[in-house]
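A.B. asks: Below: sequence and its predicted model.
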Amino acid sequence: MFSSSVSKRTVLVSILAVVALQLFFIRSVTSVNETNAYLYHKCFEKDGKYKPKSLYEENINFLISNVWKNASVKDYIYGIEGERPNTAYLAIQCRGDSYGSKCDTCRATAYSELRKRCPMNKGAIIWFDRCLLKISPNTFQKKVDLKNKFYMYNNRKKVRDPVSFNAKTKTLLTKLKKEATRGGPEREFEVYWLYEQADMKLDGKMKLYGMVQCTRDIGQKGCEKCLDTIIGELPNCCDGKEGGRVVSGSCNFRYEIYPFLDTKR
C-alpha cells in the first residue's frame, strides 16, 4: 500500500456488488502517504446532470463553501441545501488521523477533482487516502452504502504463512470494529467517532498495523453491519497480502506491516 517513506505499487480492484463481486478494472497506483493519493471515484449517471449556474450547482457550491466553514467539528460533515427538485446533499469524511489543515486540504482537493472527473453530475463519490466526498440529489443519511466499493492490496509476494497471517489480520480488524462501535445504545453521529486504530505483534520484531472507520451518519449499528461485511471480504481482497484495504461509501479498513497513520495531533 502506501508508506510515508517508500513508494509501493498496488492493485486497485473495483467491486460492483455486495454479494457478487465483479472485476471492474485493475490499476497500478504509486504514491507517498503525505501526498494524499487519489484512490477511486464513481459518477452516479442515474442521478442525471445539472446545468451550469443552475440552482442545483448553487446549492452544492453553498454546501462546500459554507457548511464546512461554519462547522464546529470538521472531520465529518453532512449537509443539505435547497428545496426540491434542486435539493443537494453532501457528505465529507476525513480519515480519523487527518485533522486540521490536512482535512481541509483533502476536502478542497476532493471537490476540485470530483468536478473534473464527474462534470455536472448531480451524484458522485470520490475517495482519497485522507478523505471521501459524496454528493447526491437524494438523502443518504443513515443508509449503509456497500454498493460503491473497491479494494486495494499490496502487490508484493505473499507472507510466508498466509493462513496464520490472515487469521491475525482478521482478529485485529474484528477487535478494532468492536472498539470503534463500543457502547450501549446508538448515539448521535456527531459525538460517535466510529474510528479506531491499533497494532499487533507478529513473529519476531514485526508488527501488524490496522484501522477501521465508518461515516458517522450510519451510527453504531450501521457501522457494525458495514464493517462485518467488508472484513468478511478479506479472503477475496487480500489473501496472504502484506497490506490491504476494502473501502466503501460508508466504511473502510486498512492494514499494513508498517505504520501508515499519523499518531500525533
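C.D. replies: Great, that's in hand. Numbering: from 1, shown residues only.
A.B. asks: Name the spans of the stretch 1-150 of the chain whose pLDDT lies under the cut-off.
C.D. replies: Along the stretch 1-150 of the chain, the model assigns pLDDT under 70 to residues 1-35, 68, 70-74.
A.B. asks: if you set the cut-off to 80 instead, what comes out?
C.D. replies: 1-35, 67-75 (pLDDT under 80).
A.B. asks: where along it do the helices fall?
C.D. replies: 55-62, 68-70, 101-117 (DSSP state H, counting those that start in this stretch).
A.B. asks: quick one, which of those is nearest to Ile135?
C.D. replies: helix 55-62 (6.0 Å; CB to CB). Heads up, the C-betas are built off the backbone N, CA and C, glycines and all.
A.B. asks: related to what we said a few turns ago, turn the helices of the stretch 1-150 of the chain into a markdown table, including mean neighbour count and distance to Asn154.
C.D. replies: Output for the helices of the stretch 1-150 of the chain, formatted as a markdown table (neighbours: other CB atoms under 10 Å; distance: least, CB to CB, whole Å):
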| stretch | mean neighbour count | distance to Asn154 |
| --- | --- | --- |
| helix 55-62 | 18 | 36 |
| helix 68-70 | 12 | 33 |
| helix 101-117 | 17 | 23 |
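A.B. asks: could these be laid out in CSV, adding distance to Asn155?
C.D. replies: Shown next, in CSV, are the helices of the stretch 1-150 of the chain (distance: least, CB to CB, whole Å):
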stretch, distance to Asn155
helix 55-62, 37
helix 68-70, 35
helix 101-117, 24
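A.B. asks: Out of those, which is closest to Leu90?
C.D. replies: Among these, helix 55-62 sits nearest to Leu90 (CB to CB), with 6.7 Å.
A.B. asks: And the strands in the stretch 51-200 of the chain, which stretches?
C.D. replies: Using DSSP state E, counting those that start in this stretch, the strands of the stretch 51-200 of the chain run over 76-81, 88-94, 124-128, 131-136, 149-154, 195-201.
A.B. asks: by contact count, what packs against the last one?
C.D. replies: Helices and strands touching strand 195-201, by 3 or more CB pairs under 8 Å, 6 or more residues apart in numbering; DSSP states H and E, are helix 162-180, strand 207-214.
A.B. asks: Check which residues of the longest one are buried.
C.D. replies: Spelled out, it's helix 162-180. 165-166, 168-169, 172-173, 176-177, 180 (16 or more other CB atoms under 10 Å).
A.B. asks: contacting residues around it?
C.D. replies: For helix 162-180, the surrounding residues in contact (CB atoms under 8 Å, 6 or more residues apart in numbering) are 159, 193-200, 202, 208, 210-214, 223-224, 227-228, 231, 234-235, 238-240, 253, 255.
A.B. asks: Please pick the buried ones from the residues you listed.
C.D. replies: By neighbour count, with 16+ other CB under 10 Å, the contacts of helix 162-180 hold 159, 194-197, 199-200, 202, 208, 210-214, 223-224, 227, 231, 234, 238, 240, 253, 255 as buried.
A.B. asks: domain ranges for the chain?
C.D. replies: 10-29+145-256, 42-136 (automatic domain parsing).
A.B. asks: so which of these comes closest to Asp262?
C.D. replies: Minimum separation from Asp262 across the domains of the chain (CB to CB) falls at domain 42-136, 4.3 Å.
A.B. asks: now do the same end-to-end measure for the closest one.
C.D. replies: Counting by CA to CA, to the nearest Å, you get 12 Å between the two ends of domain 42-136.
A.B. asks: Can you verify my assumption that Glu196 contacts Cys214?
C.D. replies: No. Applying CB atoms under 8 Å, one finds Glu196 not in contact with Cys214, separated by 10.1 Å.
A.B. asks: Hmm, Pro259 and Gly243 touching each other?
C.D. replies: No. Look at Gly243 against Pro259 with CB under 8 Å: they stay out of range, at 11.5 Å.
A.B. asks: more crowded one of these two?
C.D. replies: Counted by other CB atoms under 10 Å, Gly243 and Pro259 do not tie: Gly243 has more neighbours, with 25 against 15.
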